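Enquirer: Generate a structure from the sequence data that follows.
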Amino acid sequence: MYAISLGDDGAELRPLEPWQAEEFLAHLDRGREFIGQYIPFGSKATDVPSARETLQRYADMRAADTGSLHGLWLEGKLVGGVLFLNFDAEHGNCEVGCWLEPAGTGRGLVTRAMRILIDWAVEERGIHRVEWIAASANVPSVNGARRLGMTRDAVLRESYPHRGVRLDMEVWSVLAPEWRAARAREQR
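Expert: All right, here's what the predicted structure looks like:
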């Protein structure tokens, strides 16, 4: 399998697969409260079998070409991940997402990894529109979309019930021509 270096800080992007359920569960347990502030990601993974089920669901999505999960490791320790929540190559649309435990924050890991995912989606798979949906209150996530050059398309007011509160959700996107133009400017 692959291991893509994300820079000189020992960060890597790698597959996150069912056989890694114990490591995935330990990571979730370290960051469960932090991760769960705005998203329920991993909330059903409370023991090794349920962690394996979560990872298997994404492995099945990868096999069906409808989504995928990728881990972020920092100096050999799983600290988060990036994913395609929805992947529709036929219509040229996908939705990306991310999560981190506190040890992975503030290092640019998501931005670096997401560039790899979006490059692949646009250049290899012909995706035209990449979406990022985040709670308005999740400032680090919203800032991540901005750093990737995405445009805020909409705010869906009180659209997402989470932990007894209805959150405003922001829809951000980047289109393939915009992505390519931005990447070309970066390489000058």
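
Enquirer: From here on, just use CA atoms for contacts and neighbour counts.
Expert: OK.

Enquirer: Output the below-cut-off pLDDT ranges for the protein.
Expert: Applying pLDDT under 70 to the chain flags the ranges 1.

Enquirer: show me where it has helices.
Expert: Ranges of helices within the chain are 21-35, 48-63, 109-119, 139-147, 176-186, based on DSSP state H.

Enquirer: Of all those helices, which one comes closest to L167?
Expert: helix 139-147 (12.9 Å; CA to CA).

Enquirer: and the angle from that closest one to helix 109-119?
Expert: Here helix 139-147 points in a direction 40 degrees away from that of helix 109-119 (axes from the mean of the first three to the mean of the last three CA atoms, to 10 degrees).

Enquirer: Tell me which other helices or strands helix 139-147 touches.
Expert: Judged by 3 or more CA pairs under 8 Å, 6 or more residues apart in numbering; DSSP states H and E, the packing partners of helix 139-147 are helix 109-119, strand 129-135, strand 165-175.

Enquirer: For that helix, buried residues please.
Expert: Residues of helix 139-147 classed as buried by neighbour count (16 or more other CA atoms under 10 Å): S141, V142, G144, A145.

Enquirer: and the helices of the chain as JSON lines, adding distance to L6?
Expert: Below are those laid out as JSON lines (distance: least, CA to CA, whole Å):
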{"stretch": "helix 21-35", "distance to L6": "19"}
{"stretch": "helix 48-63", "distance to L6": "22"}
{"stretch": "helix 109-119", "distance to L6": "6"}
{"stretch": "helix 139-147", "distance to L6": "16"}
{"stretch": "helix 176-186", "distance to L6": "16"}
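
Enquirer: mind checking which of these is nearest P15?
Expert: Comparing the helices of the chain against P15 with CA to CA, the closest turns out to be helix 48-63 (9.7 Å).

Enquirer: ok so, going back, between the helices of the chain, which one is closest to E75.
Expert: Going by CA to CA, the one of these nearest E75 is helix 109-119, 12.3 Å.

Enquirer: That closest one: how far from the chain's middle?
Expert: Its chain's C-alpha centre lies 9 Å from the corresponding centre of helix 109-119 when counted by CA atoms, centre = their mean, to the nearest Å.

Enquirer: returning to what we had before: is it possible to export the helices and strands packed on helix 139-147 to a markdown table including mean neighbour count and distance to V82?
Expert: As requested, the helices and strands packed on helix 139-147 are arranged in a markdown table below (neighbours: other CA atoms under 10 Å; distance: least, CA to CA, whole Å):
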| stretch | mean neighbour count | distance to V82 |
| --- | --- | --- |
| helix 109-119 | 20 | 7 |
| strand 129-135 | 23 | 11 |
| strand 165-175 | 19 | 16 |
